[in-house]
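*Asks:* return a 3D structure for these sequence lines:
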Amino acid sequence: MAEKLKTYKKKLVLPQYSTVSNEPYTVLLVVTDNVNEYVEKSFPNLSDTKQGACHVYRNYESHIILPFDASISTVVHECWHCVYRIMKTIGAELENEVVAYTLGWITEQATDFLYSTPEYKKLAVEQLKKLNSKKPLTKRKTKRKV
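*Replies:* A predicted model of the protein is given here:
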């Protein structure tokens, strides 16, 4: 029997960015133990489903799909795709301050959500144990010529 996909979801509503139907733009944050399986089940018509993380746009909604061990650079990368799609959808220019603010806010929401999952916390503890188990750095003895 196949293991059940572990997935957490959080919906962000951005009322300041209205779609053509005057509905607020929404972002669905998804953190899962298997990005490819989640994408294949949720978006069966998507051509390239072999992803470590991804952004999918459907019906005026962005889906940011991350693994439990996503790095900050991966989170920002996928959030950038989301911000780009928001700006294109609402017909806005890619103006520095608006993009920077939106990217910062969505990235903060995504990282806070990712870091709140029990699986991420477990990975973080394991990493700390590995770091703490390494021998401490000692001063190297060097021969000085006098």
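
*Asks:* report the buried residues of the lowest-mean-pLDDT helix or strand in the chain.
*Replies:* Using mean pLDDT, DSSP states H and E, the weakest-scoring helix or strand in the chain turns out to be helix 118-133, at a mean of 86. For helix 118-133, the neighbour count (16 or more other CB atoms under 10 Å) marks Glu119, Tyr120 as buried. Every residue, glycine included, has its C-beta placed from N, CA and C.

*Asks:* buried ones in whichever strand or helix holds Tyr25?
*Replies:* Tyr25 belongs to strand 24-32 when elements are defined using DSSP states H and E. Neighbour-count burial for strand 24-32, counted by 16+ other CB under 10 Å, picks out Tyr25, Thr26, Val27, Leu28, Leu29, Val30, Val31, Thr32.

*Asks:* how far is the next helix or strand after it from where the chain is centred?
*Replies:* Heading C-terminal from strand 24-32, the first helix or strand you meet, by DSSP H and E, is helix 35-42. Taking CA atoms, centre = their mean, to the nearest Å, the mean C-alpha location of helix 35-42 is offset from the chain mean by 15 Å.

*Asks:* extract the C-alpha set from helix 35-42 and format it as PDB.
*Replies:* Written as PDB, here are the backbone C-alpha positions of helix 35-42 (Å, rounded to 0.1, in the frame of the first residue of the first chain):
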ATOM      1  CA  VAL A  35       6.200  17.700  -5.100                       C
ATOM      2  CA  ASN A  36       6.000  15.600  -8.200                       C
ATOM      3  CA  GLU A  37       3.200  13.400  -6.900                       C
ATOM      4  CA  TYR A  38       1.300  16.400  -5.700                       C
ATOM      5  CA  VAL A  39       1.600  18.100  -9.100                       C
ATOM      6  CA  GLU A  40       0.700  15.000 -11.000                       C
ATOM      7  CA  LYS A  41      -2.500  14.500  -8.900                       C
ATOM      8  CA  SER A  42      -3.500  18.200  -8.800                       C
END
